[in-house]
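# Next input, structure requested:
(4 chains)
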Number of protein chains: 4
Amino acid sequence: MSGAGITPFLEGSRRWMRIRNEYAREALAELLGTGIVTLFAVAGGIQHFANPSDDSMQPIFGSLFGLMAAILIVGGSSGGHVNPAVTLGLCIAGNCSWIKLPLFWVAQILGAYIGAGLALANYAWMPLKVGVSMNVFFPAAVVAPVPGTPIGSGFLDQIIGTSILVMLIIACCDKRNMQVPKALIGFFICLTICGLAMCFGINAGAVLNPARDFGARLMGLSVGFRSNQIMTVNGTHWWLVGFFGPLIGGALGSVLYVTLIGAHLNDEDEDS
Amino acid sequence: MSGAGITPFLEGSRRWMRIRNEYAREALAELLGTGIVTLFAVAGGIQHFANPSDDSMQPIFGSLFGLMAAILIVGGSSGGHVNPAVTLGLCIAGNCSWIKLPLFWVAQILGAYIGAGLALANYAWMPLKVGVSMNVFFPAAVVAPVPGTPIGSGFLDQIIGTSILVMLIIACCDKRNMQVPKALIGFFICLTICGLAMCFGINAGAVLNPARDFGARLMGLSVGFRSNQIMTVNGTHWWLVGFFGPLIGGALGSVLYVTLIGAHLNDEDEDS
Amino acid sequence: MSGAGITPFLEGSRRWMRIRNEYAREALAELLGTGIVTLFAVAGGIQHFANPSDDSMQPIFGSLFGLMAAILIVGGSSGGHVNPAVTLGLCIAGNCSWIKLPLFWVAQILGAYIGAGLALANYAWMPLKVGVSMNVFFPAAVVAPVPGTPIGSGFLDQIIGTSILVMLIIACCDKRNMQVPKALIGFFICLTICGLAMCFGINAGAVLNPARDFGARLMGLSVGFRSNQIMTVNGTHWWLVGFFGPLIGGALGSVLYVTLIGAHLNDEDEDS
Amino acid sequence: MSGAGITPFLEGSRRWMRIRNEYAREALAELLGTGIVTLFAVAGGIQHFANPSDDSMQPIFGSLFGLMAAILIVGGSSGGHVNPAVTLGLCIAGNCSWIKLPLFWVAQILGAYIGAGLALANYAWMPLKVGVSMNVFFPAAVVAPVPGTPIGSGFLDQIIGTSILVMLIIACCDKRNMQVPKALIGFFICLTICGLAMCFGINAGAVLNPARDFGARLMGLSVGFRSNQIMTVNGTHWWLVGFFGPLIGGALGSVLYVTLIGAHLNDEDEDS
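Numbers count the residues shown, from 1 in each chain, chains lettered A, B, ... in the order given. Next up is the predicted model:
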């Protein structure tokens, strides 16, 4: 930890195996980052389910400290979107080129799929021992409305939350705004989503990330859940909320930030 | 997130629609920022009401992480006061020109009104489904004294809390003090109000923000509450506590900081 | 908040009333800072007592976010010790001149006395309304051992905790160590004491601050407690633990840091 | 705290007793740092055991704020690994020379042994007074699986957690990544392990540190536990999980970071 950071194994690896293609390198980073995000989120949901006396904030802080770690690990490569809605918002604002969008989306969903599988593997023994079916505990890790929530409120909730998230991210990247150092962006994103989950967690579980939600559902299907267990709630297609809600919110947040704040900021040298 | 921040859509928007009038631009930012603050605060109060087993700190952290996000989003434009008492304190200390004060106050209250409405819309389904009247859950989001609190203790509480908040904010902006980077001010404000809510939350609910409190009450009246439900408690006009308490505290905090600390600090080059 | 920090009222106050005597200016800052610390701590103890369903971490985070605010408010003047044990440790290490020590101690205890009084005033209505005697709730705010704790364990606990605290503070001020910016020191102190309170809170309540403990006890005597209620527990003089334990720990921490770490660090230019 | 940091006692100590041997100086720092880490962790476990109504997050935040303090105190000397698995990972990546590894491991385990003993001394009165045998409360401070966890799941859990931890640490030290200032690394490590403990705490207690686990067990044997109480659970050698699991994870995390992210990052001057 003392100094260096530029090291033999690292330097050797750079000479022998460095991926020089920007798209491949960044897609790999998004895959890893979204995998870590989903690993924490699904494991945190399961741990919380298994300990009903846990603090209500524990799965929130737990999974989002994991998100912060993921952004710090992969951010230097791809920027650390780790969320298709963030990628969409950044493409609209112009912080990311559109050509990367489909690539990142695929990498993010694939990473989430793998991360969810690893979390399930880690706790695979539990339903057998505790005598609880996976049917009960796995859905806790995906968009899970409080019974009776209308699907429209689920969409509204995801749109509000993701638009604020994307406004925050673009603001943190906007050099004319509060000059947030790169190292702190992940931490501020973490706290903002914690806040959203604590205030907007009822309608749709505050997932705010189509890859983490859809990837986990796909893994659920792969390990034997039926579609009516993992994709729908009482016949309503709640996976649509988890997938399209954040995308709409991400696009909206990007437009809101640019039109309400970003377009009007002074440059450093015009600062009054 | 990687680099730029200066982008096509953003740059295009700057050329076409940039608001060059400082007052209009900053009022818009205060409206948006206070809207986000109130959105989180009201939604957090409702979510906490709906889940009585929630941690007692959840609505506190939840709503104030939202405040941090709001300051990071709009701070580069207006400074991110998002609170009329803060604007008053900064005008007294001289960090903000008096001409902006009425403008910011109107923008802040209007923003809070809209934010509270959006939070209500998000959870509009709940009272119908859960069978609880809005009468019960909405007041949880405004100044809500523990039964039996004398109104004088409510005022004292708001004055103490807001004066400490404003002292902190002016200290963070004072270049002769602890050299707080812009990017961290919102985070420190967030933690300070969390502390106030955890220690001074009983008498008057630790709102400390006239716009967030009064705007939410106005929205309550608009959606059909009667004045005796939303403005008063047992006939006592508690909205006065939420409105004037923080303003008095903000003015006091500004005077206290300047006279006890700010006036006496050494300049960098006289530092012993 | 936007820019300046150097302002008309502030500048005017500097010309008219600036205290140029370093000792007077810094003692005033220590008085204010320790007052804020004790205000939060006593109020937090009372609020927690009044809401038994509060999170166990609420009074800890609450009072220590207040400590962070206090350091940010007064730190630019006096350094923000706000604790006689910290002043002692810094004098030993050489970061503070011995001549300031008695002055700071008096200011800190006086500040704590005022702060505790203000917290009591804020909640003065409560025992009357709730029907609980002050005898019960005030002691929650001072060193309060779990029944059966031997006084020796109380001393050991305060010595361990304060020595770690003072090691951290001197490390943060040591330019040869981790290069902590001034703006972050208060935050790191806050988290460290949170950690101590969460791990070493049983034996003696994790006060770790002779001024905050003794000042609050003096205020208790002033408002009518008898000595056997507020200074002793079952006849044992627990105020000695709160007063001398941290001082011993502060001195020890200073010596430990210097001899184990500080003396051996490389200068920047010898860094290997 | 005001300024200096270079002080008489400190400077005097440097002249008289400075340890110029890099290995001795750094081993001393690792001993002290791992001692502090284990002191907090064991004390936090005991405090939590003694207060069953504590928040579930209290021992997690408590012990890991202590880890942050330890890194800030000793980081300038040894880098603040305070964990053999981290040392192993950094040696593989090349951030630490292999010659230090056995030295650090011994210092870390010895520090943990002493720290655990001090925590036990602090709470030595408790079992006697409360009437609970040490058999019950001490094991709460070491790797403690939920009943029924297969040992394979314990290993998987430690490997996942430590590999993410080591990826984070190497990323924070990698100058081509998110440019994390030295002062913040300990804080980010703290939050990341908090996240791991909140999401991966069931299978094996989220210790993730062979020295803190094995050193505490050794102290347990020294104070009179029998091997079947402190080293095994129902005859299964769980100490192996706490010792080898993190080492495997640390090595894996180092390789994963270098091959998936570190090898492919652009240098500053090639940044697109």
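
# And the helices in chain A, which stretches?
For chain A, the helices defined by DSSP state H cover A:8-17, A:22-50, A:58-78, A:84-93, A:100-122, A:125-130, A:134-137, A:151-173, A:182-199, A:210-222, A:227-230, A:239-260.

# pretty sure A:Val241 is in contact with A:Ala206, am I right?
No - the criterion here is Cβ atoms under 8 Å, and A:Val241 misses it with A:Ala206 at 11.6 Å. Glycine gets a C-beta too; all of them are placed from N, C-alpha and C.

# re earlier: export the helices of chain A to JSON lines and append columns for mean pLDDT and distance to C:Ala116.
As requested, these are arranged in JSON lines below (pLDDT from 0 to 100; distance: least, Cβ to Cβ, whole Å):
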{"stretch": "helix A:8-17", "mean pLDDT": "84", "distance to C:Ala116": "55"}
{"stretch": "helix A:22-50", "mean pLDDT": "94", "distance to C:Ala116": "39"}
{"stretch": "helix A:58-78", "mean pLDDT": "97", "distance to C:Ala116": "32"}
{"stretch": "helix A:84-93", "mean pLDDT": "97", "distance to C:Ala116": "48"}
{"stretch": "helix A:100-122", "mean pLDDT": "96", "distance to C:Ala116": "49"}
{"stretch": "helix A:125-130", "mean pLDDT": "63", "distance to C:Ala116": "49"}
{"stretch": "helix A:134-137", "mean pLDDT": "54", "distance to C:Ala116": "48"}
{"stretch": "helix A:151-173", "mean pLDDT": "96", "distance to C:Ala116": "39"}
{"stretch": "helix A:182-199", "mean pLDDT": "97", "distance to C:Ala116": "32"}
{"stretch": "helix A:210-222", "mean pLDDT": "91", "distance to C:Ala116": "48"}
{"stretch": "helix A:227-230", "mean pLDDT": "79", "distance to C:Ala116": "56"}
{"stretch": "helix A:239-260", "mean pLDDT": "96", "distance to C:Ala116": "46"}
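
# Quick check: which of these is nearest to B:Gly245?
Among the helices of chain A, helix A:182-199 comes nearest to B:Gly245, with 24.0 Å by Cβ to Cβ.

# what's the offset of that closest one from the middle of its chain?
11 Å (Cα atoms, centre = their mean, to the nearest Å).

# Next: stretch A:232-249.
Counting by Cα atoms, centre = their mean, stretch A:232-249 comes out at 15 Å from the chain centroid.

# In space, what's closest to A:Asn203 - neighbours in sequence excluded?
Spatial nearest neighbour of A:Asn203, excluding adjacent residues (Cβ to Cβ, 6 or more residues apart in numbering or on different chains): A:Asp157 at 3.8 Å.

# And A:Val42, by the same measure?
A:Val42 sits nearest to A:Ala119 (Cβ to Cβ, 6+ apart), 3.8 Å away.

# mind checking which of the helices of chain A is nearest D:Ser97?
The nearest among the helices of chain A, by Cβ to Cβ, is helix A:8-17 at 10.0 Å.

# Flag every buried residue along that closest one.
A:Phe9, A:Leu10, A:Ser13, A:Arg14 (16 or more other Cβ atoms under 10 Å in any protein chain shown).

# dump the residue contacts of A:Arg18.
D:Ala263, D:His264 (Cβ atoms under 8 Å, 6 or more residues apart in numbering or on different chains).

# ugh, wrong one, A:Gln108
A:Glu30, A:Leu31, A:Thr34, A:His81, A:Val82, A:Asn83, A:Pro84, A:Thr87, A:Ala211, A:Gly215.

# Quick check: the gap between A:Leu39 and A:Ile169.
22 Å (Cβ to Cβ, to the nearest Å).

# who's more crowded, these two?
Counted by other Cβ atoms under 10 Å in any protein chain shown, A:Leu39 and A:Ile169 do not tie: A:Ile169 has more neighbours, with 31 against 28.

# hang on, isn't that one packed against A:Gly89?
Yes - between A:Ile169 and A:Gly89 there is a contact at 7.1 Å, judged by Cβ under 8 Å.

# returning to what we had before: how many neighbours does the residue nearest to A:Asn203 have?
28.

# Looks like it contacts A:Ala197 (just checking).
No - counting by Cβ under 8 Å, A:Asp157 stays clear of A:Ala197, with 11.1 Å between them.

# which neighbours do the two share?
With Cβ under 8 Å, 6+ apart as the test, A:Asp157 and A:Ala197 both reach A:Ala206.

# Give me every residue in the stretch 101-250 of chain A lying close to chain B.
A:146, A:148-150, A:153, A:156-157, A:160, A:164, A:167-169, A:171-181, A:184-185, A:188, A:191-192, A:194-203 (Cβ under 8 Å from any Cβ of the partner chain).

# Got a PyMOL select line for the buried ones in those residues?
Buried subset of these, written as a PyMOL selection, criterion 16+ other Cβ under 10 Å:
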select buried, chain A and resi 146+149+153+156+157+160+164+167+168+169+171+172+173+174+176+177+178+180+184+185+188+191+192+194+195+196+197+198+199+200+201+202+203
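
# Excluding chain neighbours, give the residue nearest to A:Trp105 in space.
Per Cβ to Cβ, 6+ apart, closest to A:Trp105 is A:Pro84, 4.8 Å.

# quick one, what contacts whatever residue of the stretch 51-200 of chain A ends up closest to chain C?
Across the stretch 51-200 of chain A, the shortest distance to chain C (Cβ to the nearest Cβ) belongs to A:Asp55, at 7.2 Å. A:Asp55 makes contact with B:Asp55, C:Asp55, D:Asp55, D:Ser56, D:Met57, according to Cβ under 8 Å, 6+ apart.

# For chain D, give me its nearest residue in the stretch 151-272 of chain A.
Counting by Cβ to the nearest Cβ, the stretch 151-272 of chain A gets nearest chain D through A:Ala183, at 4.3 Å.

# which residues sit in contact with that residue?
Counted by Cβ under 8 Å, 6+ apart, A:Ala183 has contacts A:Leu72, D:Met178, D:Gln179, D:Val180, D:Pro181, D:Leu184.

# swap in A:Ser163?
A:Gly249, A:Gly250, A:Leu252, A:Gly253, A:Leu256.

# Pretty sure A:Val207 sits against A:Pro246.
Yes - counting by Cβ under 8 Å, A:Val207 does reach A:Pro246; the two are 7.5 Å apart.

# Give me the more crowded residue out of those two.
A:Pro246 (34 against 29).

# Distance check, the more buried one against A:Trp105.
12 Å.

# and for those two, which residues touch both?
A:Pro84.
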